[in-house]
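J.: How does the following fold in three dimensions:
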Amino acid sequence: MPKRKDKLTSNIGWSTPDQINVHGLDLPSEILGHVNLGDMAFMQVTGRRPDPAESVVFNAIAVTLVEHGITPSALVARMTYMGAPESLQAAVAAGLCGLGTVFVGSMEGASRMLYAALPQDQAGQGADLGAIADHVVSDHVAAGRIVPGLGHPVHKPVDPRTPRLFQIAAENGKSGDYVRLMQLIQEKAEAQSGRQLPINATGAIGAICCEFGFPQEIIRGFGVMARAIGLVGHILEETRDPMAYEIWQRTEEEILASSGPDRG
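T.: Residues are numbered from 1 along each chain as shown. I've put the predicted structure just below:
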């Protein structure tokens, strides 16, 4: 158990009857109309506003994660909304629960891998990135683990989001040892497996988040923030052009046709 605090405190925000202060800024006069949603998310995590270059890169990360079509998280949100249309927030929450080691949350896995291989105090100090990449890939292969941030079921040989993210990072001073190490890990993994293993968007984002120095424990949260916006859009579309009921019915019909009582 953590030691009991003398006083409960928070540096994020406070309010009085006539004031709302967030990270030292007056919400009505200094934030509203001056800070976009991505910058607000950055400030909520770091406690400060991003500089112009950081803003461009961080907003690109957030926008990348908002939408990727009829993914499992979108399907879950739509199906939950069909069963409980009175609770939009439950449908969004249901979709967010699936952001883990396979979908979206793999950005956390990529960042953990990179930080473990190249601690922050060693980045930019001339480390042998090729040797580190060899070790990372060999370690994952020996343990039978998938290298996080590599591979995609649809996008081959290149995830089209990745080169653009790396370009934006490079143009704004956020492309260093971690981005290069991720690229070398991909090269080594492809050479060892003989398969196409593109750096996917979450792998690219994991590397760029390491360039920012974000704590690995919070990196998945950026995907949660962004995907919540995307799921609200899916639920709105579900109200106008529903598919959840038909998915349910067609699944039942096809299961019955393939394994029902008339099947010998």
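J.: Show me what the worst-scoring helix or strand of the chain on mean pLDDT is packed against.
T.: When each helix and strand of the chain is scored by mean pLDDT, DSSP states H and E, helix 244-259 comes last, with a mean of 91. In this structure, helix 244-259 packs against helix 72-83, with contacts taken as 3 or more C-beta pairs under 8 Å, 6 or more residues apart in numbering; DSSP states H and E. Where C-beta positions appear, they are placed from N, C-alpha and C, glycine not excepted.
J.: Return the distance of the helix it packs on from the chain's centre.
T.: Averaged C-alpha coordinates place helix 72-83 at 19 Å from its chain's average position (C-alpha atoms, centre = their mean, to the nearest Å).
J.: Could you list which residues are in contact with the residue positioned nearest the centre of the chain?
T.: In the chain, the residue lying closest to the centroid (C-alpha atoms, centre = their mean) is residue 223, at 3.2 Å. The contact partners of residue 223, by C-beta atoms under 8 Å, 6 or more residues apart in numbering, come to 65, 99, 104-105, 107, 202.
J.: Could I get the full set of helices for the stretch 1-150 of the chain?
T.: 37-46, 52-66, 72-83, 88-96, 106-117, 129-143 (DSSP state H, counting those that start in this stretch).
J.: Isn't residue 196 up against residue 156?
T.: Yes: Residue 196 is within contact range of residue 156, at 5.0 Å (criterion: C-beta atoms under 8 Å).
J.: pLDDT below threshold where in this structure?
T.: For the chain, applying pLDDT under 70 flags the ranges 260-264.
J.: Now the lengthiest helix in it: buried residues?
T.: Counting residues, the longest helix found in the chain (DSSP state H) is helix 216-240. For helix 216-240, burial by neighbour count (16 or more other C-beta atoms under 10 Å) applies to 216, 219-223, 225-228, 230-232, 234-235, 238.
J.: likewise stretch 143-157?
T.: Buried residues in stretch 143-157, defined by neighbour count with 16+ other C-beta under 10 Å: 147-152.
J.: And for it, what's in contact with it?
T.: Applying C-beta under 8 Å, 6+ apart, the external contacts of stretch 143-157 come out as 101, 106-107, 109-110, 112-113, 136-137, 140, 159, 161, 182, 185-186, 189, 196-200, 202-204, 206-207.
J.: do stretch 87-102 as well
T.: With contact meaning C-beta under 8 Å, 6+ apart, stretch 87-102 is reached by 72-74, 76-81, 84, 105, 109, 148, 220, 223-224, 227-228, 231-232, 234-235.
J.: try 6 Å this time
T.: Outside stretch 87-102, the residues that touch it by C-beta atoms under 6 Å, 6 or more residues apart in numbering are 72-73, 76-77, 80-81, 84, 105, 109, 223-224, 228, 231, 235.
J.: what does stretch 53-62 give?
T.: Stretch 53-62 is contacted from outside by 38-39, 42, 50, 168-169, 172-174, 205, 226, using C-beta under 6 Å, 6+ apart.
J.: one step back: so can I have a markdown table of the contacts of residue 223 showing neighbour count and distance to residue 245?
T.: Formatted as a markdown table, those follow (neighbours: other C-beta atoms under 10 Å; distance: C-beta to C-beta, whole Å):
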| residue | neighbour count | distance to residue 245 |
| --- | --- | --- |
| 65 | 24 | 28 |
| 99 | 24 | 25 |
| 104 | 24 | 26 |
| 105 | 18 | 29 |
| 107 | 29 | 33 |
| 202 | 32 | 31 |
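J.: Just the closest of those to residue 33, please.
T.: Taking C-beta to C-beta as the measure, residue 33 lies nearest residue 65 of the contacts of residue 223, at 25.1 Å.
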